[in-house]
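**Student:** Sequence and predicted structure are below.
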Amino acid sequence: MLPTFITIIVIVAVIVLWTISTQRKLAVLDEHIGNAMSQIGVQLSVCFDVIMALLDLTKEYAKLESETLIETIKSRKNVITAKTTPDEVMRQEEIIFNALGRIAMVTEQYPELKANQTYIKTMDAVQTFENMVRTSRLIYNNSVSKMNREIRMFPVSMIARMLGFRQRDYIVELH
């Protein structure tokens with residue numbers, strides 16, 4: 001009777017310790033995903049700011065087009081946080097992509113704008129932030145891959161949902 005009781009206690013203890021260990025591992029993976037999403041948010045926010053500076057430059061050349069774009073961007077810019085969904089990130093990137101396309105159309109009409117040193121430096125900054133977002137997207141997707149793989153594998157899959165962990169969506173490249 002006593003050895004059976006001890007065996008049951010040991011089995012329960014092993015299961016509890018494994019559950020705690022698994023929960024901690026999943027929590028770390030979840031934090032990596034949240035951190036990567038926050039980094040994307042910071043970089044997209046700075047990219048929006050740089051685009052606003054670009055639009056200020058284009059105002060001198062195409063006032064109506066610039067003002068329309070400024071209002072569009074201001075109204076559609078959302079704060080990206082650790083809890084933001086990949087779809088929301090892709091919508092923000094689409095706004096940036098469209099704004100840059102419209103700015104490019106304006107600069108084609110005004111070669112002196114294209115030659116402006118401030119414009120050139122600002123476009124370089126946009127390129128830098130786009131590359132940083134791309135890198136952060138890779139880090140995010142890698143973290144999501146690790147989490148999703150862990151959650152799908154037995155025996156973790158048995159308790160992951162009970163602990164509140166779920167598979168995450170990837171952020172896809174828009175252009």
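**Tutor:** That came in fine, so what should we check first?

**Student:** Show me the shaky parts of this protein.
**Tutor:** 1, 64-65, 76, 174-175 (pLDDT under 70).

**Student:** Check it for its longest helix and report it.
**Tutor:** helix 2-59 (DSSP state H).

**Student:** just how off-centre is it within its chain?
**Tutor:** 13 Å (C-alpha atoms, centre = their mean, to the nearest Å).

**Student:** How about stretch 49-63?
**Tutor:** Remark: stretch 49-63 is offset 26 Å from the chain centroid, using C-alpha atoms, centre = their mean.

**Student:** How about stretch 67-78?
**Tutor:** For stretch 67-78, the distance to the chain centre is 20 Å (C-alpha atoms, centre = their mean).

**Student:** Over to stretch 150-163?
**Tutor:** Distance of stretch 150-163 from its chain centroid, counting by C-alpha atoms, centre = their mean, is 25 Å.

**Student:** which other residues reach that stretch?
**Tutor:** 19, 22-23, 25-26, 29, 165-167 (C-beta atoms under 8 Å, 6 or more residues apart in numbering). The way it works is simple: take the backbone N, C-alpha and C, and place the C-beta from them, glycine included.

**Student:** hey, C-alpha coordinates of it in PDB?
**Tutor:** Taking C-alpha atoms only, stretch 150-163 is exported to PDB below (Å, rounded to 0.1, in the frame of the first residue of the first chain):
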ATOM      1  CA  GLU A 150       6.100  23.400 -29.800                       C
ATOM      2  CA  ILE A 151       2.300  23.700 -29.400                       C
ATOM      3  CA  ARG A 152       1.700  21.100 -32.100                       C
ATOM      4  CA  MET A 153       4.000  18.400 -30.700                       C
ATOM      5  CA  PHE A 154       3.000  15.700 -28.300                       C
ATOM      6  CA  PRO A 155       2.900  15.800 -25.300                       C
ATOM      7  CA  VAL A 156       3.000  19.700 -25.100                       C
ATOM      8  CA  SER A 157      -0.100  19.900 -27.300                       C
ATOM      9  CA  MET A 158      -2.100  18.200 -24.500                       C
ATOM     10  CA  ILE A 159      -1.700  21.000 -22.100                       C
ATOM     11  CA  ALA A 160      -0.800  24.100 -24.200                       C
ATOM     12  CA  ARG A 161      -4.500  25.000 -24.800                       C
ATOM     13  CA  MET A 162      -5.400  24.400 -21.200                       C
ATOM     14  CA  LEU A 163      -2.600  26.900 -20.300                       C
END
